[in-house]
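Participant: could you look at this predicted model? Sequence included:
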Amino acid sequence: MSAPPTCDEYRVKEENLFDLARLLTSDEQMIYFVQSGDDGPIKIGVSTNIGKRLTALQTAHGERLRIVGVMKGDFSKEKRIHSQFKSSLKRGEWFQATPELKDFINTRSLIRGAVGIPEQECRQGETPDNSSHITFPRALDGLPPLLVRTSPNAAVRIFTPAEVDALVAVIRRPYHRTLLGVLFWTGMRYVETQQLHAHPEYWVQERGVIDLPFIPSGTGMRTTPPRQIPVPQQLVEYLPGFFHDPAPPTVQVWGRNLKRWADQAGIGSEGVSPKSTRKTIESWMVVIDVPMNKVCLRQGH
C-alpha cells in the first residue's frame with residue numbers, strides 16, 4: 001500500500017487544484033478519473049457531484065483514492081472512453097494506468113495534478129464523511145489574500161476552497177451556515193437573498209431554478225434584472241432550512257459577521273464583505289471556462 005501524501009504535498013498542490021473545487025459549482029454531468037494509490041488502476045465514471053462520489057468510493061476502498069482528471073461529458077461519452085481503452089480494462093469501470101490512458105487524461109482534463117481526501121491532521125474539523133464537496137487543506141500561512149479591485153479605493157475578497165471550509169467551521173449557528181451556503185451557491189446579491197427568503201415561491205422546484213423577478217432599485221442601489229438561477233444539488237440541501245430560518249440580518253450586520261468569522265478562522269478579514277460570496281462563485285465559474293455570457297446571465301450583469 002502506498003504511503004499517503006503529506007500535508008505539505010497537499011498544500012503545495014492546492015493552488016493548482018482550484019479548478020477541481022470550481023467544478024463542484026456545476027450541476028452538469030462530469031466524467032471523472034479516480035486512481036487507486038500512486039500507480040494503481042484508474043476508475044472512469046460519471047457524476048454530477050464529484051466530491052460526494054469520491055467520498056463514497058473512498059469509504060469502500062482500502063487504498064487512498066485521488067482524482068487525477070475531470071472533463072465535461074455524459075454517459076455516452078463515458079461509454080466511448082471505456083471502449084477506447086477496453087484493452088486495459090481490469091474490472092467494472094477500473095482500467096490499468098497505461099501510458100496511453102495517462103496521456104489521454106493529461107491532455108484533456110480540466111484540472112492539473114491530483115487530489116484526494118486529506119488525512120485528519122491535514123485539515124480543520126472532522127474526518128470526511130458523506131459531505132457534498134471535497135475538503136481541501138488550509139492555505140499556507142502568509143500567502144496574501146485574493147482580492148478583486150472593484151474601484152480605485154476598494155477591493156473584494158475572493159475565497160479559496162480551503163478558506164470556505166475554514167469559514168464554515170467557525171460559524172456556530174446553523175442558520176448562519178445555511179445563509180452562507182445560499183449566498184455562495186446562488187451567487188445572488190444580498191438584497192436578492194433577502195427577497196428570496198420573503199418569497200419562497202421564487203424557488204420553482206419542478207424546474208430546478210430560482211426564478212428571480214425584476215427588483216426595482218432603492219435609493220443609491222442598482223436595479224436587479226429578472227433572471228433564472230440553476231439550483232445545483234449543493235443548494236438543494238440548504239434551501240428548505242433557509243425558508244424556515246429567521247430572516248437574514250441587515251447587510252451591515254452580515255458584513256460584520258463575515259469579518260469576525262474570517263478572523264476567527266485565521267484567514268484574515270481583509271476585503272471580506274457581503275459581496276465576497278458572489279464574487280467568489282463568479283471567479284470559480286470563470287476559472288473552469290464557463291462561457292462569460294452564461295456567467296453574466298446567471299449573475300444578472
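Facilitator: Yep, it's here. Residues are numbered from 1 along each chain as shown.
Participant: for the residue lying farthest from the centre of the chain, give its distance to residue 265.
Facilitator: Distance from the C-alpha centroid of the chain, by C-alpha atoms, centre = their mean, peaks at residue 87 (34.8 Å). Residue 87 is 49 Å from residue 265, where distance means C-beta to C-beta, to the nearest Å. (Glycine included, C-beta is placed from N, CA and C.)
Participant: now do residue 255
Facilitator: Taken as C-beta to C-beta, the span from residue 255 to residue 265 is 16 Å.
Participant: wait, isn't residue 37 in contact with residue 61?
Facilitator: No: using C-beta atoms under 8 Å, residue 37 makes no contact with residue 61, being 9.9 Å away.
Participant: which of those two has more neighbours?
Facilitator: Ranked by neighbour count (other C-beta atoms under 10 Å), residue 37 and residue 61 place residue 37 first, with 18 against 15.
Participant: show me where the stretch 151-300 of the chain has strands.
Facilitator: 154-158, 203-204, 209-212, 227-230 (DSSP state E, counting those that start in this stretch).
Participant: which SSE is residue 80 in?
Facilitator: Following DSSP states H and E, one finds residue 80 within helix 75-84.
Participant: any weak-confidence spans in the stretch 101-250 of the chain?
Facilitator: Within the stretch 101-250 of the chain, the stretches with pLDDT under 70 are 111-144, 215-225.
Participant: can you rerun that using 90?
Facilitator: In the predicted model, the stretch 101-250 of the chain carries pLDDT under 90 at residues 103, 105-156, 158-166, 168, 185, 206-209, 212-238.
Participant: and the helices in it?
Facilitator: Listed from the start of the chain, the stretch 101-250 of the chain has helices (DSSP state H, counting those that start in this stretch) covering 161-170, 174-186, 190-198, 233-236, 239-244.
Participant: quick check: angle from the first one to strand 154-158?
Facilitator: In this case it means helix 161-170. Here helix 161-170 points in a direction 80 degrees away from that of strand 154-158 (axes from the mean of the first three to the mean of the last three C-alpha atoms, to 10 degrees).
Participant: picking up where we left off before, higher neighbour count, residue 255 and residue 265?
Facilitator: Neighbours were counted for residue 255 and for residue 265 using other C-beta under 10 Å; residue 265 has more, 20 against 17.
Participant: now the more buried one, nearest residue through space, not along the chain?
Facilitator: residue 166 (4.1 Å; C-beta to C-beta, 6 or more residues apart in numbering).
Participant: count of neighbours near the one you found?
Facilitator: 24.
Participant: measure it to residue 57 for me?
Facilitator: The gap separating residue 166 from residue 57 is 25 Å, by C-beta to C-beta.
Participant: again, but for residue 146
Facilitator: To residue 57, residue 146 is 31 Å away according to C-beta to C-beta.
Participant: and for residue 164?
Facilitator: Separation of residue 164 from residue 57 (C-beta to C-beta): 23 Å.
Participant: cool, and residue 301?
Facilitator: If you measure residue 301 against residue 57 using C-beta to C-beta, the figure is 38 Å.
Participant: pick out whichever of these two has more residues nearby.
Facilitator: Per other C-beta under 10 Å, whichever of residue 301 and residue 57 has more neighbours is residue 57, with 18 against 11.
Participant: quick check: closest non-adjacent residue to residue 263.
Facilitator: residue 269 (5.0 Å).
Participant: put the alpha carbons of stretch 77-91 into PDB.
Facilitator: Presented in PDB, the C-alpha positions along stretch 77-91 are these (Å, rounded to 0.1, in the frame of the first residue of the first chain):
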ATOM      1  CA  LYS A  77     -19.100  10.000 -23.800                       C
ATOM      2  CA  GLU A  78     -18.000   7.800 -20.800                       C
ATOM      3  CA  LYS A  79     -19.000   4.700 -22.800                       C
ATOM      4  CA  ARG A  80     -16.800   5.800 -25.800                       C
ATOM      5  CA  ILE A  81     -13.900   6.300 -23.400                       C
ATOM      6  CA  HIS A  82     -14.400   2.900 -21.900                       C
ATOM      7  CA  SER A  83     -14.400   1.400 -25.500                       C
ATOM      8  CA  GLN A  84     -11.300   3.300 -26.400                       C
ATOM      9  CA  PHE A  85      -9.400   1.700 -23.500                       C
ATOM     10  CA  LYS A  86     -11.100  -1.700 -23.400                       C
ATOM     11  CA  SER A  87      -7.800  -3.500 -23.900                       C
ATOM     12  CA  SER A  88      -6.600  -2.200 -20.500                       C
ATOM     13  CA  LEU A  89      -9.900  -3.000 -18.600                       C
ATOM     14  CA  LYS A  90      -9.400  -4.800 -15.300                       C
ATOM     15  CA  ARG A  91     -12.900  -5.000 -13.900                       C
END
